[in-house]
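Chemist: Return a 3D structure for these sequence lines:
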Amino acid sequence: MNLGITRALAAFAPLALALPALRAAPDAVPVLRIDAGAVTAHVSPLLYGLMTEEINHAYDGGLYAELVSNRILCDDPNVPVHWSLVQRNGGSAAMSLDDSQPINALLPTCLKLDVNTASEAQPVGVANDGYWGVPIQPATRYHVSFYAKTVGDFGGLLTVALESGDGAKTYASAKLEKIQGDWKDYAVDLTTGRDPPVANGRLVIYAVHSGALYLGLVSCFPPTWKDRPNGNRVDLMRRLAELQPAFLRFPGGNYLEGDTVATRFNWKATLHGLDQRLGHPGPWGYRSSDGLGLLEYLEWCEDLQMQPVLAVFAGYALQHEVVPAGPGLQPYVQDALDEIEYVTGGPDTRWGGERVADGHPAPFPLRYVEIGNEDNADKSGSYDGRFAQFYDAIKARYPGLRVIATTRVKSRRPDVTDEHFYYSAAKMEAETGRYDRYPRSGPKIMVGEWATYEGTPTPDLHSALSDAAWLTGLERNSDVVIMAAYAPLLVNVNPGASQWRTNLIGFNGLASYGSPSYHAQVMFSCHHGDAVLRASCDGAAGFFYSVTRDTHSGAIYLKAVNATGDSRCVRVRITGAAAVGPTGSSWVLASARPTDTNTVDAPDRVVPVAAPLPGIGPDFLHRFAPYSVTVLQLPSR
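Modeler: So this is what the prediction gives:
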């Protein structure tokens, strides 16, 4: 967590003094009344989670740690995009796409290198420029693998290297002997030295003998989170872990639906080894490798101790292609049942056995299944019938599962309804009371996507204030709002990489950062109890709050947002507790201007500052900094 950052921001430091020290304070000071003995709701243990999909190169070129772009040569049928020919010192060769030598039925295209003239002094080869460059870190081991095949008298020696983008500097290299004959997979590790990191490197495979060389499924991985093969990028996983998320809603989003039914997220096509994954066109203008497939999502949940919230394709695609309820929809219903079986089934089941074969013997826990995504966009009105068909089949096979609807339905009563909100800062603040008077008799609510839609590529402090204000409303109503997730989660900040204006976490090939909204969410997610306390405050425009208590430790958590440019002195009166204080803790996210934000180059411009909170009791004054999000932890019994 970044909450322990100790750099001083004296102008925004919290002020908490015992009441006698501020007797001259005017009577107009707002009073925040907290009844520690009155529990109005129980905080959902799943309240704070993650929503994810392939947008903004969140996976390929982002969280999914693969560094080679277009590794199976399918991004363009005419040219080998992201690949280039390298000819040194008079060496001569030609490079082309080739469909005559398929690795297997799913990988029909390979890269052919026709070597005319080559030697140790005149190497020729092919280079991959990755996603906005291959990032190369010092003192790091990279695992390179590829399929290769030779024809004719090819000499059989290859050199694999990590180089600068212009080829002037080699950071690591290794030789592979006896590359000859039919298709075979090869692997080598490259370890870099102490050179400074570079963002725009390249991976090169060199030949030194004449002949024909075919290459396919070329892959390069840096170290991954928990050293998982085909795993996730370490720094991004670390940032996600800091959020302490309780659930992961996957695989999306529009990414689940696809532009057409044929380009939906087809989970069965994401299983098994990488040589079994063709990938597919995504809805955001680029091709998905499907390297991050169903099993990898589930392992992501396992690694961060999150509950999976599995969204299944429900017969609607983004270009308004619909499979209506009835016999035509039944194969997709069966596909959803198969998917659930893959997640939860034992080794004696058809799809549970497939999971075991994929290397994960134990079933994964699963409590929630979502039917589709944003089906309010289906103007045909078919969702009610489609939902009923999925609901009945899932409940018949898995009666303990809770089923989520993506819009209002009448045919069945869903366990949960998913609601999405993308608002301006003013609108988000105006909506903080949305669930205060929400009916408690209907389905529970998952706010599966939400964000203040301001700031690019990531939100500034102004957005963070509105986001935090919104969260106070969700938290105090977490008896009905049981899950919530900001979206989109990740954005590659390189030019041309993003498709969405405002995103929670930014990154390039070498570094990542949390936006002010990210840090506000860390503060909320890491400091909440299990009970919502009755609280009220009058006469404090632009001031938003929620109060919870940990019934085991007695700690009271007061979360407050001062969205104004003036400091705000508030009297805090706590009843219903035997004792409060005398020393607590505070975390304050603030800056001089609401437009202040974080970037890759300045990741800590707006971050929480932690400090002890002395002089507190059942009645005390606290000054909230301008433009601030504050969490106060108050010991009580």
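
Chemist: And the strands in the stretch 501-637 of the chain?
Modeler: Secondary structure of the stretch 501-637 of the chain, counting by DSSP state E, counting those that start in this stretch: strands at 505-507, 512-514, 531-537, 543-549, 556-562, 568-575, 584-590, 609-613, 619-624, 628-634.

Chemist: quick one: average pLDDT of the second one?
Modeler: Per-region confidence: strand 512-514 scores 98 on mean pLDDT.

Chemist: any idea how far that strand is from the chain center?
Modeler: 12 Å (CA atoms, centre = their mean, to the nearest Å).

Chemist: who touches the residue lying closest to residue 365 once chain neighbours are set aside in this structure?
Modeler: Once flanking residues are discounted, residue 365 sits nearest to residue 307: 6.6 Å by CB to CB, 6 or more residues apart in numbering. Glycine gets a C-beta too; all of them are placed from N, C-alpha and C. In this structure, residue 307 makes contact with 46, 49, 246-248, 301, 365-368, judged by CB atoms under 8 Å, 6 or more residues apart in numbering.

Chemist: mind redoing it with 10 Å?
Modeler: For residue 307, the contact set (CB atoms under 10 Å, 6 or more residues apart in numbering) comprises 45-46, 49, 245-249, 301, 364-368, 483.

Chemist: now do residue 69
Modeler: Residues counted as contacts of residue 69 (CB under 10 Å, 6+ apart) are 57, 60-61, 75, 81-83, 128-134, 203, 286-287, 289.

Chemist: What values do phi and psi take at residue 344?
Modeler: When read as degrees, to the nearest 10, the backbone of residue 344 gives phi -110, psi -10.

Chemist: How about the one 3 residues further on?
Modeler: Here the main-chain torsion angles of residue 347 (degrees, to the nearest 10) amount to phi -70, psi -20.

Chemist: Please, where are all the helices along the stretch 101-250 of the chain?
Modeler: 234-242 (DSSP state H, counting those that start in this stretch).

Chemist: gap between the residue nearest to residue 365 and residue 77?
Modeler: Taking CB to CB, to the nearest Å as the measure, residue 307 falls 41 Å from residue 77.

Chemist: again with residue 218
Modeler: On the measure of CB to CB, residue 218 and residue 77 end up 18 Å apart.

Chemist: out of those two, which sits in the busier spot?
Modeler: Neighbour totals were compared for residue 218 and residue 77, and residue 218 leads with 24 against 9 (other CB atoms under 10 Å).

Chemist: contacting residues around that one?
Modeler: 68, 70-73, 83, 110-111, 126, 128, 144-148, 160, 186, 203, 205 are the contacts of residue 218 under CB under 10 Å, 6+ apart.

Chemist: circling back to that earlier point, out of the contacts of residue 307, who's the most crowded?
Modeler: residue 249 leads the contacts of residue 307 on contacts (other CB under 10 Å) with 30 neighbours.

Chemist: pLDDT score assigned to it?
Modeler: pLDDT for residue 249: 98.

Chemist: Could you do the one 4 residues further on as well?
Modeler: The model reports residue 253 with a pLDDT of 93.

Chemist: secondary structure class for the nearest residue to it once chain neighbours are set aside?
Modeler: Distances taken as CB to CB, 6+ apart place residue 53 nearest to residue 253, at 3.1 Å, with adjacent residues excluded. Classification of residue 53 using DSSP: H, G, I helix; E, B strand; the rest coil returns coil.

Chemist: now do the one 5 residues further on
Modeler: The three-state assignment at residue 58 reads coil, by three-state DSSP.

Chemist: partner residues bridging the residue nearest to it when sequence neighbours are not counted?
Modeler: Nearest non-adjacent residue to residue 58, counting by CB to CB, 6+ apart: residue 490, 3.9 Å away. Beta-bridge pairing for residue 490 (DSSP bridges): residue 505.

Chemist: Can you get me a residue count around residue 490?
Modeler: Count around residue 490 with other CB under 10 Å applied: 27.

Chemist: That one contacts residue 63, correct?
Modeler: Yes: applying CB atoms under 10 Å as the test, residue 490 and residue 63 come out as touching, 6.2 Å apart.

Chemist: Return the distance of residue 132 relative to residue 437.
Modeler: Residue 132 is 48 Å from residue 437, by CB to CB.

Chemist: Those two: which is more packed in?
Modeler: Higher neighbour count among residue 132 and residue 437: residue 132, with 19 against 8, using other CB under 10 Å.

Chemist: For residue 310, name its beta-bridge partners.
Modeler: Bridge pairing for residue 310 - DSSP bridges - gives residue 250, residue 369.

Chemist: Quick check: it touching residue 341?
Modeler: No: in this structure, residue 310 is not within contact of residue 341 by CB under 10 Å, at 11.7 Å.

Chemist: Which one's more surrounded, those two?
Modeler: More neighbours surround residue 310 than the other of residue 310 and residue 341, with 27 against 20 (other CB under 10 Å).

Chemist: what sits against the more buried one?
Modeler: 248-251, 267, 294, 297-298, 301, 336, 339-340, 343-344, 364, 366-370, 401, 404.

Chemist: redo that, cut-off 8 Å
Modeler: Applying CB under 8 Å, 6+ apart, the residues near residue 310 are 250, 339-340, 343, 366, 368-370.

Chemist: And for residue 492?
Modeler: Neighbours of residue 492 in contact, by CB under 8 Å, 6+ apart: 56-58, 61-62, 131-132, 498, 506-508.

Chemist: In CSV, list the residues you listed along with distance to residue 452 and pLDDT.
Modeler: Rendered in CSV, the data for the contacts of residue 492 read as follows (distance: CB to CB, whole Å; pLDDT from 0 to 100):
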residue, distance to residue 452, pLDDT
56, 17, 98
57, 23, 98
58, 19, 98
61, 26, 98
62, 22, 98
131, 28, 98
132, 28, 98
498, 17, 97
506, 16, 98
507, 20, 98
508, 24, 98
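
Chemist: Can you tell me which of the residues you listed are buried?
Modeler: Buried residues within those, counting neighbours by 16 or more other CB atoms under 10 Å: 56-58, 61-62, 131-132, 498, 506-508.

Chemist: So residue 475 belongs to a strand, correct?
Modeler: No: assessed by three-state DSSP, residue 475 does not belong to a strand; its assignment is helix.

Chemist: Need the nearest residue in space to it, chain neighbours excluded.
Modeler: Nearest non-adjacent residue to residue 475, counting by CB to CB, 6+ apart: residue 546, 4.4 Å away.
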